[in-house]
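S.K.: quick one: sequence plus predicted model below, questions after.
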Amino acid sequence: MTKLSVNINKIATLRNSRGGDVPNLLKVAKDIEEFGAQGITIHPRPDERHIRYQDARDLKNIVTTEYNIEGNPIKSFMDLVLEVKPTQVTLVPDAVDAITSNAGWNTIKHQSFLQEVIKEFQENNIRTSIFIDTDLKLIEAAAKTGADRIELYTEDFATQFDLGNKEIVNSYADAAVLAHDLGLGINAGHDLSLDNIKFFKQNIPNLAEVSIGHALIAESLYLGLENVVNMYLHKLQ
C-alpha cells in the first residue's frame with residue numbers, strides 16, 4: 001500500500017491568519033495520524049508565512065509516523081533539518097517568493113550541489129528525496145546524487161487529467177520504472193486529489209508515498225478531515 005503523508009501547511013495558514021493558536025497545529029497533526037495517515041509533511045519557508053521553524057521543532061515530539069520536511073536547502077533550512085532530524089527531507093528548488101512549488105530540480109546542472117547536501121543529511125541518518133519532473137535524463141542524474149528517493153512533481157498530471165488527457169500518466173509511469181531500476185524510491189505530490197489519486201496510484205509502479213495537502217484540506221471543508229483521510233487511504237490500497 002502506498003503511504004499517505006498529509007501536508008499541514010494550510011492548517012498553519014489558517015492559524016496564522018488570526019494569530020493565536022486556533023486551529024492548534026500539533027493537535028491536528030496528532031489527529032491526522034490517529035485517523036490513519038502514515039506521515040506528516042511540512043514545508044517551512046524563510047518568511048514563515050505558514051509553517052514556522054518552531055513548528056518544525058515542536059512537531060518532532062508529536063509525530064509518531066513518518067515526518068517529512070520539504071524545502072530549498074538554504075543554510076537556515078539545512079540547520080533546521082539537521083537539528084530536528086525528521087524521517088525524510090524532500091529537497092525542493094523553491095524561489096523565496098514562490099507561492100507554491102512550481103518546478104523540480106535540474107539534477108544535471110545542480111548535481112554537485114545536491115551531492116554535497118544529500119551527503120550531509122544522510123550522514124545524520126535522514127532519508128533524502130529530490131522533487132523532480134519526469135524527464136528521464138533528470139531521473140538518471142538524480143540517481144547519481146546519492147538520493148534515496150525522488151518525488152515526482154505531479155501538477156502537470158493533475159492539470160491534464162482534469163482536461164481528460166489520461167495519457168499524461170504514461171510519462172510518470174516511465175519515470176517511476178526508470179527510478180526503480182536505478183535504485184530510487186518513488187514518492188509523488190502536488191495537486192493530487194480525491195478525483196485523481198486512485199488513477200495515479202493504479203498506473204505508477206512502486207509508488208511508496210504521496211504527499212497531499214491543499215486538496216485534502218479543501219476537501220475536508222465539505223467532507224470532514226477524518227473522513228477525507230480515510231477516503232485517500234482507501235483509494236491508495
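M.R.: That came through fine.
S.K.: from here on, just use CA atoms for contacts and neighbour counts.
M.R.: Will do.
S.K.: nearest residue to the middle of this structure?
M.R.: Ser211 (4.2 Å; Cα atoms, centre = their mean).
S.K.: okay, strands next: where are they in the protein?
M.R.: Secondary structure of the chain (DSSP state E): strands at 3-7, 39-42, 66-71, 88-91, 127-132, 149-153, 185-189, 207-212.
S.K.: neighbouring strands - and their directions - for the third one?
M.R.: Spelled out, that is strand 66-71. Next to strand 66-71 in the sheet, as set by DSSP bridges, lie strand 39-42 (parallel), strand 88-91 (parallel).
S.K.: beta partners of the residue nearest to the centre of the chain?
M.R.: Ser5, Gly189.
S.K.: can you put the strands of the chain in TSV and add distance to Lys201 and mean pLDDT?
M.R.: Written out in TSV, the entries for the strands of the chain read as follows (distance: least, Cα to Cα, whole Å; pLDDT from 0 to 100):
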stretch	distance to Lys201	mean pLDDT
strand 3-7	11	98
strand 39-42	17	98
strand 66-71	20	98
strand 88-91	20	98
strand 127-132	18	98
strand 149-153	12	98
strand 185-189	10	98
strand 207-212	7	98
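S.K.: one step back: return the distance of the residue nearest to the centre of the chain relative to Asn187.
M.R.: From Ser211 over to Asn187 the distance is 8 Å, taken as Cα to Cα, to the nearest Å.
S.K.: sketch out the low-pLDDT regions of this structure for me.
M.R.: Where the chain drops to pLDDT under 70, the residues are 95-102.
S.K.: repeat that with 80
M.R.: When residues are selected by pLDDT under 80, those of the chain lie in 94-103.
S.K.: where do the helices of it begin and end?
M.R.: With DSSP state H as the criterion, the chain has helices at 9-18, 25-34, 53-60, 75-84, 111-123, 136-144, 155-162, 169-181, 197-203, 214-223, 225-235.
S.K.: can I get those in a markdown table with mean neighbour count?
M.R.: What follows is these, written out as a markdown table (neighbours: other Cα atoms under 10 Å):
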| stretch | mean neighbour count |
| --- | --- |
| helix 9-18 | 17 |
| helix 25-34 | 18 |
| helix 53-60 | 16 |
| helix 75-84 | 16 |
| helix 111-123 | 16 |
| helix 136-144 | 19 |
| helix 155-162 | 17 |
| helix 169-181 | 19 |
| helix 197-203 | 18 |
| helix 214-223 | 16 |
| helix 225-235 | 17 |
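S.K.: between these, which gets nearest to Asp191?
M.R.: Shortest separation from Asp191 across the helices of the chain is recorded for helix 155-162, at 5.4 Å, computed as Cα to Cα.
S.K.: packing partners of the closest one?
M.R.: The elements that helix 155-162 packs onto, with contact taken as 3 or more Cα pairs under 8 Å, 6 or more residues apart in numbering; DSSP states H and E, do not include any helix or strand.
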